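1. I'll drop the sequence and a predicted model, then ask my questions.
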Amino acid sequence: MMKMSIRKHTTAHVQAGQSLVETVLMMPILLLFLLNAVNFGYFFFTITNLAAAPRMGVEYSIMGGATPSAIELPATGPSTNALSSSFLTYEDMRGALNAPTTNASVRVCSQSAGVVSGIANCVTYPGTGVTFTFPAAQADPELNAGGTAPAFILHQVDVAYKFTPLIPGTAFNVLLLTFPNCDASGVCVLHRQSVMRGMN
């Protein structure tokens, strides 16, 4: 009787030790999956918020003159002017993104900056932490032959944002390596653009 109880007691200790070893071996893999999921989720949170900012800025660049506070199209900037398109774009990013005035560059192409050959002039408000070459401004596809009034003019707002993952390190950013403009550490430069038509 005594031999049987000793054998049962030893078997229980061996099984408990085996479970502990399995847990210790699996913990790094589980943490790797968890931290990759955190960074990937933050990446999509950033993209979602970044997509809204240029839409709000370009809408204001066209509709600003139709508001009670303004009788003409709003200025493109400076980004410190509360009635400018660039200010509104930065403010839309401020609540969700980290240091948008540093990590984001904004370019506003609007009639208020002038029009040359049917294309709105662009003004860029660069952030100190990001470098990006914006694509050329576009002409409206239905622009009349001379580019003269009345004509549609495309207003355009571009945002380039330097995304830095919450948890640094290549091992925690494996999924981000599949996206263009991302380096091995998961730092990416994200570009979003919105275009709307305005009547000249």
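-> Nice, thanks for sending it over.
2. and the helix or strand of the chain with the lowest mean pLDDT, what does it pack onto?
-> Ranking every helix and strand in the chain by mean pLDDT, DSSP states H and E puts helix 2-63 at the bottom, with a mean of 79. In this structure, helix 2-63 makes packing contacts with helix 85-94, strand 104-109, strand 152-163, strand 188-199, judged by 3 or more C-beta pairs under 8 Å, 6 or more residues apart in numbering; DSSP states H and E. Using the backbone N, CA and C atoms, a C-beta is placed for each residue, glycine as well.
3. how about N98, phi and psi?
-> Backbone geometry at N98, expressed as degrees, to the nearest 10, gives phi -80, psi 120.
4. returning to what we had before: need the helices and strands packed on helix 2-63 in CSV with mean pLDDT, mean neighbour count and distance to P78, can you?
-> As requested, those are exported to CSV (pLDDT from 0 to 100; neighbours: other C-beta atoms under 10 Å; distance: least, C-beta to C-beta, whole Å):
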stretch, mean pLDDT, mean neighbour count, distance to P78
helix 85-94, 88, 24, 7
strand 104-109, 93, 27, 11
strand 152-163, 91, 24, 15
strand 188-199, 88, 18, 20
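5. TSV for those, including distance to L34?
-> Shown next, in TSV, are the helices and strands packed on helix 2-63 (distance: least, C-beta to C-beta, whole Å):
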stretch	distance to L34
helix 85-94	28
strand 104-109	29
strand 152-163	20
strand 188-199	21
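6. can you name the residues bridging to A120?
-> V115 (DSSP bridges).
7. that one: what's it in contact with?
-> C109, S110, Q111, A113, G114, A137, I153, L154, H155, Q156 (C-beta atoms under 8 Å, 6 or more residues apart in numbering).
8. read off the pLDDT value for it.
-> Looking at A120, its pLDDT stands at 89.
9. please apply the same query to the one 5 residues further on.
-> On the pLDDT scale, Y125 is placed at 92.
10. before we move on, what about the one 3 residues further on?
-> For T128, the model assigns a pLDDT of 85.
11. so what's it up against?
-> Contacts of T128 (C-beta under 8 Å, 6+ apart): T102.
12. let's verify it: helix, strand, or coil?
-> At T128 the chain is in coil, as set by DSSP: H, G, I helix; E, B strand; the rest coil.
13. what's the answer for the one 5 residues further on, then?
-> T133 carries the three-state label coil when classified by three-state DSSP.
14. where's it relative to A120, distance?
-> 18 Å (C-beta to C-beta, to the nearest Å).
15. what about the residue nearest to F172 when sequence neighbours are not counted, distance to P168?
-> Nearest residue to F172, sequence neighbours excluded (C-beta to C-beta, 6 or more residues apart in numbering): L35, at 4.4 Å. As judged by C-beta to C-beta, L35 and P168 stand 10 Å apart.
16. those two - which one has more neighbours?
-> It is L35, of L35 and P168, that has more neighbours when counted by other C-beta atoms under 10 Å, with 18 against 13.
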